[in-house]
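> A structural model of the following input is requested.
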Amino acid sequence: MTTTNLARAAMAALIATTFATAARAEIKNYEFQLVQPTVKAGADRVVTVRLVDKTTGKAVPDAVVFANRLDMAPDGMQEMATKVTPMPGSEPGTYRFKATFGMAGRWQLSLGAKVQGESGTVDNKLVVTAEQ
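So this is what the prediction gives:
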């Protein structure tokens, strides 16, 4: 009887470890993609991104998405940052943000998301090009 209980406990621990490892690995299956890689420089421009499950290619609706930062790091000007304001998405799985692109150049949008049913956070940095 003791051996049976020990075997069950070992099996339960193995299963729990397997699921925990799988859950951690699955968050890497998600990524943000720019819907449009360019915007016009200026105030109140909207950037739309899609959160995608890379294993299925489908957009992921109902994630909790937040923009951490928008700056000109790709052009070596990290100090050139601007405020990012979330806006309602236009379709399921898309997320929109309003910002002021003070000058033409490459801007880095740092995003994070919590996906329902997954542990961990999706973190991506996307480069948006602002044109005159």
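
> which helices and strands sit right next to the host helix or strand of V49?
Counting by DSSP states H and E, the element that carries V49 is strand 42-53. Contact here means 3 or more C-beta pairs under 8 Å, 6 or more residues apart in numbering; DSSP states H and E; on that basis strand 42-53 packs against strand 30-34, strand 38-40, strand 58-59, strand 94-101, strand 105-114, strand 122-131. From N, CA and C alone the C-beta is placed, and that goes for glycine too.

> and these as CSV, adding mean pLDDT?
Converted to CSV, those look like this (pLDDT from 0 to 100):
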stretch, mean pLDDT
strand 30-34, 98
strand 38-40, 98
strand 58-59, 96
strand 94-101, 97
strand 105-114, 97
strand 122-131, 97
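
> Put together JSON lines for those strands, with distance to V47 and mean neighbour count on each row.
Formatted as JSON lines, the helices and strands packed on strand 42-53 follow (distance: least, C-beta to C-beta, whole Å; neighbours: other C-beta atoms under 10 Å):
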{"stretch": "strand 30-34", "distance to V47": "7", "mean neighbour count": "18"}
{"stretch": "strand 38-40", "distance to V47": "6", "mean neighbour count": "13"}
{"stretch": "strand 58-59", "distance to V47": "16", "mean neighbour count": "15"}
{"stretch": "strand 94-101", "distance to V47": "5", "mean neighbour count": "19"}
{"stretch": "strand 105-114", "distance to V47": "6", "mean neighbour count": "19"}
{"stretch": "strand 122-131", "distance to V47": "6", "mean neighbour count": "16"}
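
> Nearest to R69, out of those strands?
strand 105-114 (4.4 Å; C-beta to C-beta).

> what packs against that closest one?
Against strand 105-114 (3+ C-beta pairs under 8 Å, 6+ apart) you get strand 30-34, strand 42-53, strand 64-72, strand 122-131.
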